[in-house]
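> Here is a sequence together with a model predicted from it:
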Amino acid sequence: MMDTAKTATNPLIEAKNLRIAFGRGEAAVEVVHGISFTLGREKLGIVGESGAGKSTIGRAIMRLSPPGARVTADRLTFKDVDLLKASEKEMMRLRGRRIGLILQDPKYSLNPVVPVGEQIAETWRLHHPGRAGAREAAERTLSILEAVKIRDPRRVAKLYPHEISGGMGQRVMIAMMLIAGPDVLIADEPTSALDVTVRLEVLTLLDELIESRGLGLILISHDLNLVRRFCDRVVIMYAGRIMETLKASELDKAEHPYTRGLLGSLPSIHSEQRRLPVLTRDPAWLLGAGAAR
Ligand SMILES: Nc1ncnc2c1ncn2[C@@H]1O[C@H](COP(=O)(O)OP(=O)(O)OP(=O)(O)O)[C@@H](O)[C@H]1O
């Protein structure tokens, strides 16, 4: 599948033949098998079952792969920065500042002993060292809390992470990522821990912020239904390979058997007739069916 002109001309992130393996020498196991995709100023979903390699890809882009991981690619870039070759100092500037990461549970990302407002203000100061005034940081914090639609931001800013709900925690995380002024957000199952109503609220907010600020979003999820609703394009992954890349609006027309299987697993009045295919063989056989790399 060809990329749209929007993403092909000026990608924010480009991965070409990205491979990720864990372990060394003969014991090395490749879990991402040479995948390629681009991200423009758009919402790109990466969907697949557990173990497909989605989170591993997100971490490789941030260069936060665990020790023992080997990441290689013909190209892995953020704008003109080579993410495989950039110095650690450059990566520290990129992370948080230009590429924000939102994980499933804000409890693991927030410092439990610091009020949330202070953590957001600290992020602002870290990324704007020349303008480090405490007053400006506090004002920016209140205005970003308002932007993520937190009511009574002055009160909330003083709360500790354990005093806020899961949905509020994700709003705080989004605020903390946005205050740095990034180009790209990577959200890895950002709403999986939330109940349905709050999930929709948080995704709608994320959607509005991405659109109004013209950012690129990679939304990593096992939930095709959610991704098709919020994303412009969808990368369908299975066992470390991209089966197919499609516009979300074209998902219904997908011909690839794996995508059709995933679609079939969505609840419908005919759901008893629609089953996920059981993939017992190497998924390479599926690649013949019109898959993008
Ligand atoms: N640190 C690691 N060491 C060895 N193998 C790993 C490591 N991290 C991930 N893997 C393996 O890489 C593969 C991809 O895992 P990954 O977490 O990226 O999948 P995922 O699609 O994000 O799944 P989930 O939705 O369950 O998070 C899996 O087979 C997993 O066991």
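Nice, thanks for sending it over.
> for the ligand, what are the nearby residues on the stretch 1-150 of the chain?
Proximity of the stretch 1-150 of the chain to the ligand (C-beta under 6 Å from any ligand atom) is limited to residues 22, 31, 48, 50-56, 66. Every residue, glycine included, has its C-beta placed from N, CA and C.
> switch to 5 Å and redo it
Neighbours of the ligand within the stretch 1-150 of the chain, by C-beta under 5 Å from any ligand atom: 22, 31, 50-56, 66.
> From those residues, list just the buried residues.
22, 31, 52-56 (16 or more other C-beta atoms under 10 Å).
> Could you tell me which of these belong to helices?
54-56 (DSSP state H).
> Contact partners for A73?
15-19, 84 (C-beta atoms under 8 Å, 6 or more residues apart in numbering).
> Can you give me the buried ones in the helix or strand where G34 lies?
Using DSSP states H and E, G34 maps to strand 29-39. Across strand 29-39, burial judged by 16+ other C-beta under 10 Å covers 31-39.
> Among the residues you listed, which one sits closest to the ligand?
Comparing the buried residues of strand 29-39 against the ligand with C-beta to the nearest ligand atom places V31 closest, at 3.6 Å.
> How much space separates the closest one from R241?
Distance, V31 to R241, using C-beta to C-beta, to the nearest Å: 10 Å.
> Same check on V116?
For V116 relative to R241 (C-beta to C-beta), the value is 40 Å.
> quick one: which of those two has more around it?
Applying other C-beta atoms under 10 Å to V116 and R241 shows that V116 carries more neighbours, namely 28 against 22.
> Contacts only, for the more buried one.
When contacts are counted by C-beta under 8 Å, 6+ apart, V116 is found next to 110, 156-157, 159-161, 164, 172.
> What does the pLDDT read for the nearest residue to P106 once chain neighbours are set aside?
Nearest residue to P106, sequence neighbours excluded (C-beta to C-beta, 6 or more residues apart in numbering): G169, at 3.5 Å. Looking at G169, its pLDDT reads 93.
> Which element, helix or strand, includes G169?
If you go by DSSP H and E, G169 is part of helix 166-178.
> What count of nearby residues applies to the nearest residue to A28 once chain neighbours are set aside?
Distance criterion C-beta to C-beta, 6+ apart; nearest residue to A28, sequence neighbours excluded, is A21 at 4.7 Å. Neighbour count of A21, defined by other C-beta under 10 Å: 18.
> Okay then, goodbye and thanks.
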